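Visitor: with the input below, show me the fold.
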Amino acid sequence: MAVERMKAFGFTSTSDDAVALESVALAMTPDAMRAFARFVAHAASEMERLGNDYDHLHFQDCSDAFQDGWPDVQLTKVYG
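Guide: Numbers count the residues shown, from 1 in each chain. Predicted structure coming up:
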(Lines give C-alpha, C1' and ligand atoms only; values in the text may rest on other atoms or scores of the structure.)
Protein backbone atom coordinates (compact mmCIF):
# COMPACT_ATOMS: atom_id res chain seq x y z
CA MET A 1 0.00 0.00 0.00
CA ALA A 2 1.32 3.43 -0.93
CA VAL A 3 2.00 5.94 1.81
CA GLU A 4 -0.20 9.02 1.57
CA ARG A 5 2.15 11.97 1.35
CA MET A 6 -0.45 14.70 1.04
CA LYS A 7 -4.09 15.30 1.90
CA ALA A 8 -6.13 18.48 1.59
CA PHE A 9 -8.91 19.71 3.86
CA GLY A 10 -10.91 22.90 3.95
CA PHE A 11 -13.40 24.72 6.08
CA THR A 12 -16.49 26.61 5.03
CA SER A 13 -17.41 29.96 6.50
CA THR A 14 -20.40 28.34 8.23
CA SER A 15 -18.82 25.21 9.74
CA ASP A 16 -15.89 24.20 11.91
CA ASP A 17 -15.87 20.70 10.40
CA ALA A 18 -13.03 19.95 7.98
CA VAL A 19 -14.07 18.72 4.55
CA ALA A 20 -11.76 16.54 2.43
CA LEU A 21 -10.84 18.32 -0.81
CA GLU A 22 -9.95 16.84 -4.18
CA SER A 23 -8.43 20.01 -5.53
CA VAL A 24 -7.14 23.28 -4.10
CA ALA A 25 -6.70 26.55 -5.95
CA LEU A 26 -4.83 29.44 -4.34
CA ALA A 27 -5.03 32.77 -6.15
CA MET A 28 -1.99 34.91 -5.33
CA THR A 29 0.12 37.76 -6.56
CA PRO A 30 3.81 37.01 -7.09
CA ASP A 31 4.68 38.71 -3.77
CA ALA A 32 2.07 36.69 -1.88
CA MET A 33 3.31 33.51 -3.58
CA ARG A 34 6.88 34.22 -2.46
CA ALA A 35 5.67 34.84 1.12
CA PHE A 36 3.72 31.59 1.01
CA ALA A 37 6.76 29.72 -0.36
CA ARG A 38 8.86 31.02 2.56
CA PHE A 39 6.15 29.80 4.95
CA VAL A 40 6.12 26.34 3.34
CA ALA A 41 9.92 26.10 3.58
CA HIS A 42 9.78 27.20 7.23
CA ALA A 43 7.08 24.62 8.03
CA ALA A 44 9.13 21.86 6.38
CA SER A 45 12.17 22.80 8.46
CA GLU A 46 10.08 22.83 11.64
CA MET A 47 8.58 19.44 10.76
CA GLU A 48 12.06 17.97 10.35
CA ARG A 49 13.33 19.66 13.51
CA LEU A 50 10.41 18.64 15.72
CA GLY A 51 9.80 15.16 14.28
CA ASN A 52 6.79 13.50 15.90
CA ASP A 53 6.18 16.62 18.02
CA TYR A 54 5.26 18.63 14.91
CA ASP A 55 1.51 19.05 14.51
CA HIS A 56 0.81 22.14 12.40
CA LEU A 57 1.72 25.74 11.67
CA HIS A 58 -0.51 28.62 10.59
CA PHE A 59 0.48 30.95 7.76
CA GLN A 60 -1.00 33.90 9.66
CA ASP A 61 1.20 33.14 12.69
CA CYS A 62 4.45 32.57 10.81
CA SER A 63 4.62 35.27 8.16
CA ASP A 64 5.27 38.98 8.60
CA ALA A 65 3.86 39.36 5.09
CA PHE A 66 0.44 37.93 6.05
CA GLN A 67 -2.33 40.48 5.49
CA ASP A 68 -5.83 40.84 6.91
CA GLY A 69 -8.36 39.14 4.68
CA TRP A 70 -5.99 36.42 3.50
CA PRO A 71 -7.09 32.85 4.24
CA ASP A 72 -5.21 31.19 7.06
CA VAL A 73 -3.49 28.16 5.59
CA GLN A 74 -2.41 25.47 8.05
CA LEU A 75 0.34 22.99 7.18
CA THR A 76 -0.07 19.80 9.21
CA LYS A 77 1.60 16.44 9.31
CA VAL A 78 -0.28 13.61 7.56
CA TYR A 79 -2.56 11.78 9.97
CA GLY A 80 -3.92 8.26 9.52
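
Visitor: what's the pLDDT at the nearest residue to Ala65 once chain neighbours are set aside?
Guide: Here the nearest residue to Ala65 in space, its sequence neighbours aside, is Ala35; by Cβ to Cβ, 6 or more residues apart in numbering that works out to 3.6 Å. Every C-beta, even on glycine, is put in place using the N, C-alpha and C of the backbone. According to the prediction, Ala35 has pLDDT 94.

Visitor: where does Ala35 sit: helix, strand or coil?
Guide: The local conformation at Ala35, judged by DSSP: H, G, I helix; E, B strand; the rest coil, is helix.

Visitor: against Leu21, how distant is it?
Guide: Computed as Cβ to Cβ, to the nearest Å, the Ala35 to Leu21 distance reads 22 Å.

Visitor: of those two, who's got more company?
Guide: In this comparison of Ala35 against Leu21, neighbours counted by other Cβ atoms under 10 Å, the higher total goes to Ala35 at 20 against 11.
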